[in-house]
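K.L.:
Have a look; sequence and predicted model below, questions after that.
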Amino acid sequence: MLHTDVAELLAAAGIVDVDVDEAVADGHVRSSAYQRVVSVIASLRSRDRDRAIVATILRDPDEMASKTAVVALVDEIARKTAGPAEFRRWSAALLPETDRLRTAAFRDFIHRRVHDWLLRLSIEDGHVPTPAELARATAWMQRLLAERSTSPEVLTLLAESAHTRKTRNIARNRAGIRPRR
């Protein structure tokens, strides 16, 4: 089954320079192949095959490699999406496939990543999050927001309550807030 899945994924992405037998035998080669597949699939205009691709990747017995590939796809699609509504529809169709993962922490990680991107996309769309919404974001997303957000309100919230001191300092500096003495 793994051999067939890897061969089908590579064919779907038009990748012909990966030896399927080697990828099946070597998890590192397979993981690298998945990253290439995800990159090709994410670059396509149509999102119609994403769920099937994710389902196939998640059948891999190496859950770390499959989780990593799915997270890479989530990240790439989020960066290219037109807004939070579009990303919410796309991720809602995809998330049920994560139930294939036996490791709850991997399922949770993917769900948190989707939540983080929904928050960022909604902020980019003009939404100012509540302190509670911002507190539910991961430290990774809070830092990304501190580094890239142009919203003074978001930067002020992050400067006051981000999970890490480094992120609070980045937000404070970008918002032009003087430290309290």
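P.N.:
Structure received.
K.L.:
From now on I want contacts and neighbour counts done on CA atoms only, so please keep to that.
P.N.:
Fine.
K.L.:
Poorly predicted segments of this structure, please.
P.N.:
Scanning the chain for pLDDT under 70 picks out 179-181.
K.L.:
residue boundaries of the helices in it?
P.N.:
2-13, 20-25, 27-43, 50-57, 63-80, 84-94, 104-124, 131-136, 139-148, 152-161, 165-175 (DSSP state H).
K.L.:
Using JSON lines, lay out these together with mean neighbour count.
P.N.:
Listed next are these as JSON lines, based on neighbours: other CA atoms under 10 Å:
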{"stretch": "helix 2-13", "mean neighbour count": "17"}
{"stretch": "helix 20-25", "mean neighbour count": "16"}
{"stretch": "helix 27-43", "mean neighbour count": "19"}
{"stretch": "helix 50-57", "mean neighbour count": "19"}
{"stretch": "helix 63-80", "mean neighbour count": "19"}
{"stretch": "helix 84-94", "mean neighbour count": "16"}
{"stretch": "helix 104-124", "mean neighbour count": "18"}
{"stretch": "helix 131-136", "mean neighbour count": "15"}
{"stretch": "helix 139-148", "mean neighbour count": "19"}
{"stretch": "helix 152-161", "mean neighbour count": "21"}
{"stretch": "helix 165-175", "mean neighbour count": "20"}
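K.L.:
Quickly note the distance from the nearest residue to Leu94 once chain neighbours are set aside to Arg136.
P.N.:
Nearest non-adjacent residue to Leu94, counting by CA to CA, 6 or more residues apart in numbering: Arg51, 5.3 Å away. Taking CA to CA, to the nearest Å as the measure, Arg51 and Arg136 are separated by 26 Å.
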